[in-house]
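In: build me a structure from this.
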Amino acid sequence: YGMMIMVYMSSTQADHQSEFDKLWAYWKKYAGGSAAGMNWHVNNKNGNADNGSASDADIDAAFALIMASKQWNNTTYLNDAKTLISWMKSKDMESDGRVKAGSNWNPALNPSYVIPAAFKLFADVTGDSFWETAVSTNLKHLSQCQNATSGLMPDWCDWSSHKAADNTGAAVSGGKGGFFDDAARTPWRMAMAYNWYGIKEAK
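Out: Here you go, the predicted structure:
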């Protein structure tokens, strides 16, 4: 989020490229020094990091890098984004296009990790049709996870039954019908998909 905020809050009056660069450097420090997925949890007191990335963070970071390449007319950011996107395809995604919870983890679908606008953008900058498949595959699962009464999405959704899943071991759970902190992001993800690309399933 910090990287996205630094891009979008920058202007000729207040530029935040230096802050963006610091955040990206921190990311790479915990991604093996390269444009790869960052360890999802870092203890800033002792520097220890849990293994594996969180897919939503990886997607948002790649998205921010693409935006940074436009904001500051710097192809280095775009090249880093393409490297990270390639890494995500092999680590954060299943071969059928489903988005995993993380590079080392796929207990269930997290609807807020479905970011169709980012997937479409990845297809645009890489020319890889896999990301178009990711849009259709994940939105198909997402539509089956939506609560028929409230219309809300759960934090976690079982890949098979498409019911709210509470046995993922994730720290975020509970709420009404599985709707809690993570799920609150899903409308934002869908609104962006419809606003940017007119994806009717997102609407």
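
In: just want the most central residue of this structure.
Out: Nearest to the centroid of the C-alpha atoms of the chain, with distances taken as CA atoms, centre = their mean, sits residue 56, at 2.6 Å.

In: give the contact list for that residue.
Out: Applying CB atoms under 8 Å, 6 or more residues apart in numbering, one finds that residue 56 lies in contact with 110, 112, 113, 115. For every residue, glycine as well, the C-beta is placed using N, CA and C.

In: give the closest residue to the second one in space, chain neighbours not counted.
Out: Sequence neighbours aside, residue 185 is the residue nearest to residue 112 in space, at 3.9 Å (criterion: CB to CB, 6 or more residues apart in numbering).

In: tell me how many other residues crowd the one you found.
Out: Residue crowding around residue 185 was assessed by other CB atoms under 10 Å; the count is 17.

In: which phi and psi does it have?
Out: phi -80, psi -20 (degrees, to the nearest 10).

In: Three-state assignment for residue 134, please.
Out: Using DSSP: H, G, I helix; E, B strand; the rest coil, the structure places residue 134 in helix.

In: that one touches residue 97, doesn't it?
Out: Yes: Residue 134 lies in contact with residue 97 (CB atoms under 8 Å); the separation is 4.1 Å.

In: where does this protein dip in pLDDT?
Out: 167-177 (pLDDT under 70).

In: how about the strands in it?
Out: Secondary structure of the chain, counting by DSSP state E: no strands present.

In: find the nearest non-adjacent residue to residue 86, please.
Out: Excluding its sequence neighbours, the residue lying closest to residue 86 (CB to CB, 6+ apart) is residue 126, at 7.7 Å.

In: one more: residue 27?
Out: Distances taken as CB to CB, 6+ apart put residue 38 closest to residue 27, at 4.8 Å, once the chain neighbours are dropped.

In: didn't that neighbour look like it was pressed against residue 32?
Out: No: contact criterion CB under 8 Å: residue 38 and residue 32 do not qualify, at 9.1 Å.

In: just give the number of residues close to residue 193.
Out: Residue 193: 24 surrounding residues under other CB under 10 Å.

In: contacts only, for it.
Out: Counting by CB under 8 Å, 6+ apart, residue 193 touches 115, 116, 117, 120, 199, 202.

In: farthest pair within the residues you listed?
Out: In those, two members sit farther apart than any others by CB to CB. They are 115 and 199, at 11.4 Å.
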